[in-house]
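Colleague: okay, structure incoming, though there's no sequence with it:
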């Protein structure tokens with residue numbers, strides 16, 4: 001795995017990732033984790049610790065981020081049907097992403113799962129931050145609102161946010177695509 005973890009920029013890349021996850025032993029859990037990740041922008045360390053009570057209390061539940069200690073509102077209204085379907089058989093205190101060994105999945109376990117998917121897809125730029133970066137990339141592409149995205153991510157500057165989601169590389173590439181002088 002390279003250290004330059006990238007977002008999934010194309011819908012086809014998201015579909016391919018989902019296709020691979022659906023072949024896993026714990027496909028329902030793994031697909032749900034992926035969808036929560038790309039639709040929330042949460043860090044994996046916060047995702048793996050989510051419990052049923054964290055996501056069904058309201059349309060926009062709040063959690064406290066582990067890394068920052070800040071309260072974060074989760075805007076998951078577009079996933080309500082999926083959330084209710086997945087969580088229906090779970091106890092209120094149950095982890096959304098249980099480990100087969102008890103407790104919740106560990107971030108490293110998710111990393112290993114994603115590395116298997118990356119290998120199947122022939123990629124070396126997939127990691128646990130891929131989901132967060134994918135959320136950010138598509139949020140920015142749809143809204144062009146880097147200021148709000150910066151707030152969502154808790155970054156100190158727009159430049160950091162754009163670099164994090166890989167927008168700088170894309171924008172430079174797009175602007176230079178047909179740039180020619182002296183011809």
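Modeller: Okay, I see it. No experiment lies behind these values; they were computed from the predicted model shown. Numbers count the residues shown, from 1 in each chain.
Colleague: every contact and neighbour count from this point should use C-alpha atoms.
Modeller: Will do.
Colleague: name all residues that make contact with residue 165.
Modeller: Neighbour list for residue 165: 6-7, 133-134, 136-137 [criterion: CA atoms under 8 Å, 6 or more residues apart in numbering].
Colleague: show me these that map onto helices.
Modeller: 133-134, 136-137 (DSSP state H).
Colleague: dihedrals phi and psi, the residue nearest to residue 73 when sequence neighbours are not counted?
Modeller: Sequence neighbours aside, residue 62 is the residue nearest to residue 73 in space, at 4.4 Å (criterion: CA to CA, 6 or more residues apart in numbering). Backbone geometry at residue 62, expressed as degrees, to the nearest 10, gives phi -120, psi 140.
Colleague: show me the contacts for residue 62.
Modeller: 54, 71-74.
Colleague: next, format those as JSON lines and append pLDDT, neighbour count and secondary structure.
Modeller: Shown next, in JSON lines, are these (pLDDT from 0 to 100; neighbours: other CA atoms under 10 Å; DSSP: H, G, I helix; E, B strand; the rest coil):
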{"residue": "54", "pLDDT": "94", "neighbour count": "19", "secondary structure": "helix"}
{"residue": "71", "pLDDT": "90", "neighbour count": "11", "secondary structure": "strand"}
{"residue": "72", "pLDDT": "90", "neighbour count": "17", "secondary structure": "strand"}
{"residue": "73", "pLDDT": "89", "neighbour count": "14", "secondary structure": "strand"}
{"residue": "74", "pLDDT": "90", "neighbour count": "20", "secondary structure": "coil"}
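Colleague: and residue 5, how close does it get to residue 45?
Modeller: Distance check for residue 5 against residue 45: by CA to CA, to the nearest Å, it reads 16 Å.
Colleague: which helices and strands sit right next to the helix or strand harbouring residue 151?
Modeller: Per DSSP states H and E: residue 151 is located in helix 146-153. In this structure, helix 146-153 makes packing contacts with helix 130-143, helix 158-164, judged by 3 or more CA pairs under 8 Å, 6 or more residues apart in numbering; DSSP states H and E.
Colleague: of all those, which one comes closest to residue 80?
Modeller: helix 130-143 (17.5 Å; CA to CA).
Colleague: endpoint to endpoint, stretch 47-67 covers what distance?
Modeller: 12 Å.
Colleague: also stretch 43-62?
Modeller: Note: stretch 43-62 ends 14 Å apart using CA to CA.
Colleague: same deal with stretch 97-109?
Modeller: 11 Å.
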